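# here you go, sequence then predicted model.
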Amino acid sequence: MSTICSIFGHKWNDGCKCLRCGNTRDSDHSWNGCRCRLCNKMRDEDHKFIYRQIYKEKDGSKESLCEGTCQICGKVIVVEHDDQPSGEKCSFHCKRCNYTHEVHVFKPAPGRCAEICSVCGEERDYMKIALDESESFEKRRTAFKKLAEASMIPESILNNCADGNHILKRIKATTQQFRGGTSYTEYQCVACGKLIREMDYGD
């Protein structure tokens, strides 16, 4: 505190920073979003988030979400998409990150392990998806779960899994951090979900 401020008091000028000595007070801030323009104090409100689309692991599959980063303080949040109709049947886009995707209203197809969208008529044949090697692990694993619920997994696949002959997909791998260190590769069966880890103990 300067001598003049010790005698006459601070000159706040309706702000949080004294115009004479530069001391600050915790009131009358000049907020620019979550940061005060004068003293740089932060608050957890009025952030200016910029969003991007990310994927997070959830129940063995990947879930698409919005990740927001405040351009002022750097705070990061993860939230669900704010879906808006894009003008086409079952097509939506997130107004935050512009992620475009389809949201169908699937209903069971009578007598089959499949579902049909009641809005656009798109069909999900779980047997076809489960056996299609070009499909992603997440889609195939979901399809096998649906088949399991309906007790429709082919007998040959059930027997192979019981014998340890799984339909494996690599889902994770680590590298050695130093000579002689260990690393591993992790696989998961798309049919039964069993996890298998192959260890590499180095030289």
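Perfect, thanks for sending it.
# which stretches of this protein have low pLDDT?
Counting by pLDDT under 70, the chain contains low-confidence residues at 1-2, 59-61, 178, 180, 202-203.
# what residues sit buried inside the longest helix anywhere in the chain?
Criterion DSSP state H: the longest helix present in the chain is helix 137-149. Buried residues in helix 137-149, counted by 16 or more other C-beta atoms under 10 Å: E138, K139, R140, R141, T142, A143, F144, K145, K146, L147, A148. Using the backbone N, CA and C atoms, a C-beta is placed for each residue, glycine as well.
# closest one to M199 out of those, please.
Using C-beta to C-beta, R141 comes nearest to M199 of these, at 23.7 Å.
# pretty sure the closest one contacts K194?
No. Here R141 does not reach K194: they are 11.3 Å apart, not a contact under C-beta atoms under 8 Å.
# picking that back up, now the buried residues of helix 137-149 in a markdown table, with distance to T69?
Listed next are the buried residues of helix 137-149 as a markdown table, based on distance: C-beta to C-beta, whole Å:
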| residue | distance to T69 |
| --- | --- |
| E138 | 26 |
| K139 | 30 |
| R140 | 33 |
| R141 | 31 |
| T142 | 30 |
| A143 | 35 |
| F144 | 36 |
| K145 | 34 |
| K146 | 37 |
| L147 | 40 |
| A148 | 40 |
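# show me the helices in the protein, by range?
Assigned by DSSP H, the chain shows helices spanning 3-8, 126-131, 137-149, 155-162.
# dump these to JSON lines, plus distance to E45.
Formatted as JSON lines, these follow (distance: least, C-beta to C-beta, whole Å):
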{"stretch": "helix 3-8", "distance to E45": "31"}
{"stretch": "helix 126-131", "distance to E45": "45"}
{"stretch": "helix 137-149", "distance to E45": "36"}
{"stretch": "helix 155-162", "distance to E45": "52"}
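# quick check: which of the ones you listed is nearest to C73?
Nearest to C73, of all these, is helix 3-8, at 30.2 Å by C-beta to C-beta.
# so for that closest one, what gets flagged as buried?
By 16+ other C-beta under 10 Å, the buried positions in helix 3-8 come out as C5.
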